[in-house]
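1. predicted model and sequence follow; I will ask about them next.
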Amino acid sequence: MANRKQQNLEIERQLKHRKRISQVITLVVAAVILVAVGAGIWTIQARRWILSYDGGRVATADFRAILDMEFGGNPHAREAALGSLQQIVTLMNRAESHGIALTPEEREESEAMAESWRQSIMWEMGGFDAIGYISNSRIAELFSTGTLATQLMDIYVPNYDVNEEEFNEIFEEYIVTGIYDYMNMHVLDLFTLTYEEIEEAYAMLETHSFEDILRQFSPQRFPEDVEIEPTDFGDPFGQLTNMGFFEEDIEHILGLEAGEVSRILMLHDADGPIWALIKMVSRDEPDMEEAMNSRRELLILERRNEIFVTLVEEWTEEVNFRVLERGYNSV
C-alpha cells in the first residue's frame with residue numbers, strides 16, 4: 001500500500017514537472033512570436049521612411065514617385081532622384097517657414113493633373129495602378145514646387161543688375177535668329193507629294209499668279225468660291241521649324257522679300273518627302289525696342305533663377321539629411 005502511494009506521488013510529481021516544462025515552452029514560443037512580429041512590424045515601419053532630418057522624416061513612397069515619374073524608373077537614376085527629393089523637401093520646408101503654400105485653386109489643378117497622370121499610367125499598364133502607393137494629394141505637393149520656388153525667389157533674389165556689356169553681346173547673338181520672334185510674316189504655301197507636280201507649279205510662276213496655281217494644284221483647299229487668305233506667321237522661325245523645314249531652307253524663306261516666291265523646298269515626312277513653294281505676301285519689320293526690352297527681362301529672370309538654384313543647393317546641404325538604408329534598399 002505504501003508502495004502504491006509512493007508511486008502515485010511520483011506520477012503526480014512528474015505530471016507537475018511536465019506541466020511546468022510545457023508552460024515554459026509555451027512562454028518561450030510566445031516570446032519568439034512576439035519578437036518576430038515586433039521585428040516584422042519594425043522592418044515594415046523602417047522601410048516606410050527613406051530620409052530623416054532635423055525635424056522630420058520623408059516617406060519612401062515620395063522617393064518612388066520621384067524615381068518613377070521624374071526619372072522613368074531608371075535604376076541608374078536612384079542617386080539623382082534622391083538628390084531631387086532632398087531639394088524638393090528643402091523647398092517645401094523653406095516655403096512653409098514663410099507661410100507660402102499652394103492656393104486651393106492651385107492644389108485642385110495639381111491634383112487633377114496627378115489623376116490624369118495616374119489614368120495615363122493605368123491605361124499603359126492595362127488597368128494596373130502602378131503608382132497606387134502614393135496619393136494624388138502628395139503627388140500634387142511633390143510636383144508643384146515650381147509655384148513655391150517662384151515666390152521664394154521673389155523673397156531671396158528680387159532683383160538682378162544687368163551688365164550692359166554682357167547684355168549687348170547676348171543680344172547681338174540673339175538677333176541672328178531670335179529677332180524673328182518679333183516679326184509678323186504673311187505667307188501663301190503650296191505642298192505637293194511629287195516633285196513633278198511642284199516642278200510644274202514652279203514653271204507656271206512665269207505666266208500665272210501664285211493664287212491661280214494654288215487653286216489648280218489644291219482645289220479642295222482653295223476652291224474657286226473661297227477667298228485665299230495668307231497664313232500669319234507670328235513666330236516664323238518656330239513655325240517653320242515645327243513644320244519640318246531644313247535649317248538652310250528656313251533661312252531662305254525668312255530672307256524672302258514681300259512678293260517673292262521661294263525655290264522648290266523639301267520636307268521629310270514619315271511617308272516620304274513633301275515638296276513645297278512659299279510666297280512671302282508681306283512682312284513687318286521687327287520692333288527692336290520691344291525685342292531688347294523683352295530679352296533684357298528674360299536675361300534678368302535667367303540670372304535670378306541661376307542664383308536661386310545655387311541658394312537651394314546650399315540650403316539642401318545645410319539640412320542634416322540622413323539616408324535610411326532599409327527604406328532606400330526597399331525601392
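-> The structure has been received and is ready for your questions. Numbers count the residues shown, from 1 in each chain.

2. what residues does the residue nearest to T316 when sequence neighbours are not counted make contact with?
-> Of all residues not flanking T316 in the chain, T90 sits nearest, at 4.5 Å (Cβ to Cβ, 6 or more residues apart in numbering). (C-beta placed from N, C-alpha, C; glycine too.) Neighbour list for T90: 312, 315-316, 319 [criterion: Cβ atoms under 8 Å, 6 or more residues apart in numbering].

3. show me where the stretch 101-250 of the chain has its strands.
-> Ranges of strands within the stretch 101-250 of the chain are 185-192, 231-233, based on DSSP state E, counting those that start in this stretch.

4. what's the most buried one of those strands?
-> Stretch with highest mean neighbour count among the strands of the stretch 101-250 of the chain: strand 185-192 (a mean of 20; mean count of other Cβ atoms under 10 Å).

5. what's that strand packed up against?
-> With contacts defined as 3 or more Cβ pairs under 8 Å, 6 or more residues apart in numbering; DSSP states H and E, the packing partners of strand 185-192 are helix 195-203, helix 210-217, strand 231-233, strand 272-283.

6. out of the ones you listed, flag the one nearest L298.
-> L298 lies closest, by Cβ to Cβ, to one member of these: strand 231-233, at 21.4 Å.

7. so how far is that closest one off the chain centroid?
-> Strand 231-233 has its C-alpha centroid displaced from the chain centroid by 30 Å (Cα atoms, centre = their mean, to the nearest Å).

8. neighbouring strands - and their directions - for that strand?
-> Sheet pairing for strand 231-233, assigned by DSSP bridges, gives strand 185-192 (antiparallel).

9. returning to that earlier point: Throw the strands of the stretch 101-250 of the chain into a markdown table and include mean pLDDT and distance to V58, thanks.
-> A markdown table is the format used below for these (pLDDT from 0 to 100; distance: least, Cβ to Cβ, whole Å):
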| stretch | mean pLDDT | distance to V58 |
| --- | --- | --- |
| strand 185-192 | 89 | 52 |
| strand 231-233 | 82 | 49 |
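
10. CA atoms of the one helix or strand the residue nearest to T316 maps to as CSV?
-> Taking DSSP states H and E as the criterion, T90 maps to helix 78-97. Output of helix 78-97 as CSV, limited to C-alpha atoms (Å, rounded to 0.1, in the frame of the first residue of the first chain):
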residue,chain,number,x,y,z
ARG,A,78,18.4,56.5,-58.0
GLU,A,79,21.0,58.9,-56.7
ALA,A,80,19.7,61.7,-58.9
ALA,A,81,16.2,61.0,-57.7
LEU,A,82,17.3,61.1,-54.1
GLY,A,83,19.0,64.4,-54.6
SER,A,84,16.0,65.8,-56.4
LEU,A,85,13.8,64.6,-53.4
GLN,A,86,16.1,66.3,-50.9
GLN,A,87,15.8,69.6,-52.8
ILE,A,88,12.0,69.3,-53.0
VAL,A,89,11.7,68.7,-49.3
THR,A,90,14.1,71.6,-48.6
LEU,A,91,12.0,73.9,-50.8
MET,A,92,8.7,72.8,-49.2
ASN,A,93,10.0,73.3,-45.7
ARG,A,94,11.5,76.7,-46.6
ALA,A,95,8.2,77.8,-48.2
GLU,A,96,6.3,76.6,-45.1
SER,A,97,8.6,78.8,-42.9
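
11. pLDDT averaged over it - what is it?
-> For helix 78-97, mean pLDDT rounds to 94.

12. secondary structure element for M266?
-> Using DSSP H and E, M266 sits in strand 265-269.

13. buried residues in that strand?
-> L265 (16 or more other Cβ atoms under 10 Å).

14. if you count contacts, what does that strand end up packed against?
-> Contacts defined by 3+ Cβ pairs under 8 Å, 6+ apart place strand 265-269 against helix 247-254, strand 272-283.

15. can you list contacts of the last one?
-> Residues outside strand 272-283 that contact it (Cβ under 8 Å, 6+ apart) are 183-195, 197-198, 201-202, 210, 230, 244-245, 253, 256-262, 264-268.

16. any idea how far it is from the middle of the chain?
-> Put simply, strand 272-283 sits 34 Å off its chain's centre (Cα atoms, centre = their mean).
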